[in-house]
Each structure stands twice: as C-alpha cells, then as structure tokens.
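Q: got a structure for you, letters missing:
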C-alpha cells in the first residue's frame, strides 16, 4: 500500500517529472502516460529480481554522447533487444514510471542538468537488459558520464 504522503509528494513533483520526461522522449508527456505508484512498485520489484550479468562499464566525457560512436552504441543495443523500454529516473520512484517506449524514441541529447541526482536507467520491458547512466563532474569540473551496460543482449555490444 502506498503511503498517502507519497501521493502528495507525487503530485508536488509531477510537473518536474513531466518536464524531465519531455526532454528524454522529445515530446510532451501527459499524466495518463505515467504508471500508478502501485504499478511502478510492481515493475521495480520485478526488475530488481532479475540477475543481469554486468557486461561492461565505460566512463566518457558527457559531451561524447552526441558523437557517432555513442549513437552507434545506442542503435546497436536497440537492435539486439528491440523490446520496449522503461526510462527510470529518481522522480520515477516518486511520481511513477513512464509507460514503456521504443528505444529509438529516447532523446540521448538530454542536458547534463536533467536531474539533480545525475542518474538515468533504461531497462527493457522484459527486464533482461539495462543501460545505466551516472553523470557527474570530475575533480577538474569536467562533465562525465559513467555508462554501465548489462544483460544477455545488450552486454554483447562493445563501445
């Protein structure tokens, strides 16, 4: 059961969440496209119950995600498991997950400041593959992106 305070916080944060999602999918997102908190919790439990072998990890400059090498990676993983994907951000835990979308609908040109936590996870609807981004500033102030790819399909793609 969802605590009533969580519902209040979800309403308070929903505008921010919709703005963040609009940046990630390149179109306006409506509240009816967001799973309920109960549905989101079911997906979270199902997703965390899957053991995905961590295939590889790479740290790059954040700006490199606009380059062809990164975009080729995204295209390749989308081909290896073309399932719909969940886009999981910290606000997804508060407001609910966006219903699954096609990988090619995600705008990977999102800004560094898209969320304060600097975390974005993309998980296939079958929960078998995950692409995790952790973006941060290094000690010199350079914007960096830690990419973690796991799963039997996506893990086969090399960067």
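A: Perfect, thanks for sending it. As the structure is a prediction and not an experimental result, all values here were calculated from the model. Residues are numbered from 1 along each chain as shown.
Q: what pLDDT, on average, does stretch 149-159 get?
A: The average pLDDT within stretch 149-159 is 89.
Q: Not counting its own residues, what contacts it?
A: 52-58, 69-70, 73, 76-77, 80-81, 124, 128-132, 147 (CB atoms under 8 Å, 6 or more residues apart in numbering). C-beta here means a position set from N, CA and C on the backbone, and glycine is covered the same way.
Q: so how far is it off the chain centroid?
A: The chain centroid and the centroid of stretch 149-159 are separated by 16 Å under CA atoms, centre = their mean, to the nearest Å.
Q: buried stuff in that stretch?
A: 149-151, 153-155, 157 (16 or more other CB atoms under 10 Å).
Q: Now do residue 149 against residue 85, distance only.
A: For residue 149, the distance to residue 85 (CB to CB, to the nearest Å) stands at 13 Å.
Q: So residue 109: helix, strand or coil?
A: Recorded secondary structure, residue 109: coil (DSSP: H, G, I helix; E, B strand; the rest coil).
Q: still on that earlier bit, just the buried ones from the contacts of stretch 149-159?
A: Buried subset of those (neighbour count, 16+ other CB under 10 Å): 52, 55, 70, 73, 77, 81, 124, 128-132, 147.
Q: Can you tell me which of those residues lies closest to residue 111?
A: Relative to residue 111, the closest of these is residue 70; by CB to CB it sits at 15.4 Å.
Q: Which residue ranges of the chain form strands?
A: Here the chain has its strands, by DSSP state E, at 54-61, 85-88, 119-124, 129-137, 143-151.
Q: for the residue nearest to residue 95 when sequence neighbours are not counted, what are its contacts?
A: Once flanking residues are discounted, residue 95 sits nearest to residue 17: 4.1 Å by CB to CB, 6 or more residues apart in numbering. Shown in contact with residue 17 (CB under 8 Å, 6+ apart): 34, 89, 91-92, 94-96.
Q: between those, which is closest to residue 23?
A: Proximity of those to residue 23 (CB to CB) peaks at residue 89, which lies at 10.2 Å.
Q: residues touching the closest one, list them.
A: Contacts for residue 89 (CB under 8 Å, 6+ apart) come out as 17, 20-21, 24, 114-115, 117, 119-121.
Q: Next one: the residue nearest to residue 95 from residue 96, what distance?
A: Residue 17 is 8 Å from residue 96, where distance means CB to CB.
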